[in-house]
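Peer 1: Sharing a model prediction with you, sequence too.
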Amino acid sequence: MIVSWHGRALMIVPTYNESENLARLVGRLRALPGDVDLLIVDDASPDGTGAIADAIAACDPHVHVLHRSGKLGLGTAYRAGFHYGIEHGYDYICTMDADFSHSPESLPTLLDLAASGYDLVIGSRYVPGGAVVGSPSLRKFISYAANALAHLLLGVTARDCTAGFRCYRRQVLETIDLDAIFSSGYSFLIEMAFLVERAGFRIGEVPITFVNRTEGASKINKREIYKAMYTILRLRTGYLPWERIMAVYYDRRAAP
C-alpha cells in the first residue's frame, strides 16, 4: 500500500466492555502502514478491557491507555483523547469504534484525504459507495432521521454527521473550544460536525461499509437518541436556558 500522508497520527478508541474485540482491533491497526499510534480510553470496563489494554501497551510503545473512573460518555472520551493528541503533537487525530463496525483498513484512505487539504474527513455510510450491513431497521431509521434533521435545521452539509470514524487535522481541534461542548454521548458527533463547519473548515467524506457489531453489546439506547434530538434543537435555537437542568436530569438518570 502506498502511503501519501505524512506526519504522526493518533487513533482514539473509546472502550467499555470490549474485551472480545480489543486485541484483534489493535493488531489490525498496528499492521497498517505509516506512523499511527493508538490511545485506548477505557471507562472502567467491568469485563477487564482496561487490563487487556494495559497488557498490550506494555508490549508496544505505540499503544497508550487512558483509564477513567467510570462510564462517563463517548463524547467526553473523545474530548480527553483530543486533548492528549494535541498535547503530544500529533498531526492527525482520528476516532473509531472498537467493535469492528469500522474497518481498520479504511484508515489510510481517511488520512490521505486529510493530507490533501481536508480538515475533517468522515468515513461515511451515505456517500456513493458507502453501505450499511446488519443494522436493524430501527437503528437505520434513527441514523437517517438524525442526519436529515442536522442537514435541515443546522445546515450541516456532511452526509453522515453521526459517523464516529473520523480524522481531524490538529488545527481543527486547537481552534474549537472543546471544553465548551455540551454534548457527552453520540450527539457529540453531531455537535462537532456543526462546529467544524461553522468555523469554516473543509469537511470531506470517503465511503465505508458500516457493519453492525457481532461481538459485545451495542451502546446505543433510547437515552442517546433523545439526547441527539435535543442537541440538534439546542444548536438550532442557541444555548437554551434550561440545558443545565437537562444535564442534571441526565446525570441523575445515569447514576446507579
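Peer 2: Looks like it came in fine. Everything numeric here is computed off the predicted structure, so don't read it as measured data.

Peer 1: where are the low-confidence patches of the stretch 151-256 of the chain?
Peer 2: Scanning the stretch 151-256 of the chain with the threshold set as pLDDT under 70 gives 213-222, 224, 239-256.

Peer 1: All the strands of it, residue numbers only.
Peer 2: Residue ranges of the strands in the stretch 151-256 of the chain, as given by DSSP state E, counting those that start in this stretch, are 166-169, 203-207, 209-211.

Peer 1: Could you export those as JSON lines, including mean neighbour count and distance to Val13?
Peer 2: Quick note: C-beta positions are derived from backbone N, CA and C, even for glycine. Formatted as JSON lines, the strands of the stretch 151-256 of the chain follow (neighbours: other Cβ atoms under 10 Å; distance: least, Cβ to Cβ, whole Å):
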{"stretch": "strand 166-169", "mean neighbour count": "26", "distance to Val13": "12"}
{"stretch": "strand 203-207", "mean neighbour count": "20", "distance to Val13": "19"}
{"stretch": "strand 209-211", "mean neighbour count": "18", "distance to Val13": "16"}
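
Peer 1: Between those strands, which one is closest to Ala146.
Peer 2: Closest approach to Ala146 among those (Cβ to Cβ): strand 209-211, 14.2 Å.

Peer 1: name the helices or strands packed onto the closest one?
Peer 2: strand 131-133 (3 or more Cβ pairs under 8 Å, 6 or more residues apart in numbering; DSSP states H and E).

Peer 1: Other residues contacting the strand or helix carrying Leu113?
Peer 2: Per DSSP states H and E: Leu113 is located in helix 107-115. With Cβ atoms under 8 Å, 6 or more residues apart in numbering as the test, helix 107-115 has contacts from 1, 3-7, 9, 11, 29, 32-34, 36, 92, 94, 96, 120-121, 123, 165-169, 204, 206.

Peer 1: okay if I get the strands of the stretch 151-256 of the chain as CSV plus distance to Glu20?
Peer 2: Compiled in CSV, the strands of the stretch 151-256 of the chain are given as follows (distance: least, Cβ to Cβ, whole Å):
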stretch, distance to Glu20
strand 166-169, 24
strand 203-207, 27
strand 209-211, 15
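
Peer 1: Give me the most central residue, the chain.
Peer 2: Among the residues of the chain, the one closest to the centroid is Gly164, at 3.5 Å (Cα atoms, centre = their mean).

Peer 1: what helix or strand does Gly122 sit in?
Peer 2: Gly isn't right for residue 122; it's Ile. Going by DSSP H and E, Ile122 is part of strand 120-124.
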